[in-house]
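Student: generate coordinates for the sequence data below:
(one chain, ligands or ions: 1)
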Amino acid sequence: MTAKIRVCVRKRPLSAKEINRGEKDMASCTGRQLAVDEPKVRLDMTKFIERHKFVFDEVFDSDATNEDVYRRTAYPLVQYLFEGGKATCFAYGQTGSGKTYTMLDEKQGLYVLAARDIFVKMRNPENSHLGVYIGFYEIYQGQLHDLLNNRKKLHAREDGKSSVVVAGLKEYEIVNVEGLMQVFEYGNNARSTGSTRANADSSRSHAIMQLVLKDRSTKSVVGKLSFIDLAGSERGADRGETDVKTRMEGAEINKSLLALKECIRALDQGGKHTPFRQSKLTQVLKDSFVGNSRTCMVATISPNNSNSEHTLNTLRYADRYVLYIFMGFMGQMLLYVCV
Ligand SMILES: Nc1ncnc2c1ncn2[C@@H]1O[C@H](COP(=O)(O)OP(=O)(O)OP(=O)(O)O)[C@@H](O)[C@H]1O
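Tutor: Predicted coordinates:
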């Protein structure tokens with residue numbers, strides 16, 4: 001659990017509506033393995049099921065609670081925060097798959113559970129010089145908006161030490177979980193939401209909630225833990241029949257999610273070059289990809305049959321091993337050609 005990057009998958013239960021529609025659960029979890037049955041039709045119109053198998057660092061079945069998920073995802077990042085690290089925990093997935101429920105649910109999201117442990121640690125006398133500060137902003141169509149300051153436009157800049165700072169971001173010191181929840185609720189009401197067929201409260205923006213540990217007297221940053229609720233992954237495919245605004249939103253979401261994938265792959269391979277400049281999202285997350293950083297991605301999936309295609313897209317996005325297999329294959333080919 002102390003790896004630089006961890007990729008986990010969480011399957012949500014079938015909803016009452018899905019059960020009433022007679023939908024089936026197509027995803028089965030066994031340890032770190034996940035199998036998805038995809039309904040398909042042959043050329044002769046006979047139906048068949050194709051089974052796809054994946055392996056991740058953690059797989060959470062539909063009966064896992066937020067507490068279970070927290071223990072194995074964000075909890076190690078809280079420890080790391082107090083060791084002076086920069087940590088990021090983000091939820092990736094289709095609209096309605098449980099990103100917000102997991103990451104930013106107002107009462108039991110991972111951020112609340114993390115705050116509970118942060119304030120326990122803050123009682124330790126050796127941390128008495130520290131303060132916890134919350135910042136909450138969103139990225140909508142490549143623009144940063146401060147959710148704690150009337151959606152004021154913000155700009156990301158690099159300082160003299162090549163660290164990216166979100167200039168003008170309002171940060172509030174918080175002293176307990178209740179205070180954090182209040183500030184969060186205020187910011188959450190300011191989020192951009194739009195209506196889609198899948199979820200009437202769909203998010204088309206990336207929400208970034210950061211808890212920063214600072215030295216109270218010098219105001220220098222000691223550690224940072226960010227929780228990110230990404231825009232619905234399928235929104236990146238909004239084309240054709242939709243209006244211009246929706247298509248533009250889709251193109252921007254697509255660009256940022258692709259850039260994020262590139263950065264995670266670069267981080268995973270321990271490469272020197274991380275292409276974080278490719279989008280606003282990756283630019284503001286720069287310190288999550290370089291230096292003392294740890295990242296945990298929670299890919300959320302809907303188990304019902306009518307969403308299997310989106311579910312498979314999410315799992316392919318999150319699947320680190322596909323790349324390894326490809327690289328291994330290329331390596332073998334090269335060896336073969338050389339010999
Ligand atoms: N693990 C879970 N257990 C029980 N209910 C869940 C779980 N995950 C999600 N839900 C429920 O499913 C619905 C959709 O979840 P949520 O709003 O978190 O999706 P989302 O991925 O954030 O969607 P969007 O991108 O549109 O914001 C909500 O009613 C939520 O309470």
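
Student: can you count the residues close to Asp159?
Tutor: Residues within reach of Asp159, counting by other C-beta atoms under 10 Å, total 9. C-betas here are computed from N, CA, C, even on glycine.

Student: tell me how far the closest residue to Tyr75 other than its chain neighbours lies from the ligand.
Tutor: Sequence neighbours aside, Asp117 is the residue nearest to Tyr75 in space, at 6.8 Å (criterion: C-beta to C-beta, 6 or more residues apart in numbering). Applying C-beta to the nearest ligand atom, to the nearest Å, the value for Asp117 to the ligand is 21 Å.

Student: tell me what the helix or strand containing Asp117 is packed against?
Tutor: Asp117 belongs to helix 110-122 when assigned by DSSP states H and E. On a contact count with 3 or more C-beta pairs under 8 Å, 6 or more residues apart in numbering; DSSP states H and E, helix 110-122 meets helix 66-72, helix 75-82, helix 99-103, strand 130-140, helix 177-188, strand 206-215, strand 221-229.

Student: all helices for the stretch 201-339 of the chain, in order.
Tutor: Using DSSP state H, counting those that start in this stretch, the helices of the stretch 201-339 of the chain run over 244-268, 280-284, 286-289, 308-318, 321-338.

Student: hmm, Arg71 and the residue nearest to Tyr75 touching each other?
Tutor: No: at 10.3 Å, Asp117 does not count as touching Arg71 under the criterion of C-beta atoms under 8 Å.

Student: neighbour count winner among these two?
Tutor: Just comparing Asp117 and Arg71: by other C-beta under 10 Å the higher neighbour count belongs to Asp117, 17 against 14.

Student: quick check: pLDDT value at that one.
Tutor: With respect to pLDDT, Asp117 has a value of 96.

Student: Leu147 too?
Tutor: pLDDT recorded at Leu147 is 93.

Student: tell me how far it lies from Phe136.
Tutor: Distance of Leu147 to Phe136, computed by C-beta to C-beta, to the nearest Å: 5 Å.

Student: and Lys17, by the same measure?
Tutor: From Lys17 to Phe136 the distance is 31 Å (C-beta to C-beta).

Student: neighbour-wise, which of these two wins?
Tutor: It is Phe136, of Lys17 and Phe136, that has more neighbours when counted by other C-beta under 10 Å, with 27 against 9.

Student: beta partners of that one?
Tutor: Beta bridges link Phe136 to Met209 when assigned by DSSP bridges.

Student: thinking again about what came up before, so for Leu147 and Phe136, which residues contact both of them?
Tutor: By C-beta atoms under 8 Å, 6 or more residues apart in numbering, Leu147 and Phe136 have these common neighbours: Gly187, Asn188, Ala207.

Student: which of those residues lies closest to the ligand?
Tutor: Ala207 (9.2 Å; C-beta to the nearest ligand atom).

Student: with adjacent residues omitted, what lies nearest to that closest one?
Tutor: The shortest distance from Ala207 to any residue other than its chain neighbours is 4.5 Å, reached at Asp229 (C-beta to C-beta, 6+ apart).

Student: the residue nearest to Ser220 when sequence neighbours are not counted: how many residues sit nearby?
Tutor: Nearest residue to Ser220, sequence neighbours excluded (C-beta to C-beta, 6+ apart): Lys214, at 6.5 Å. Neighbourhood size, Lys214 [other C-beta under 10 Å]: 19.
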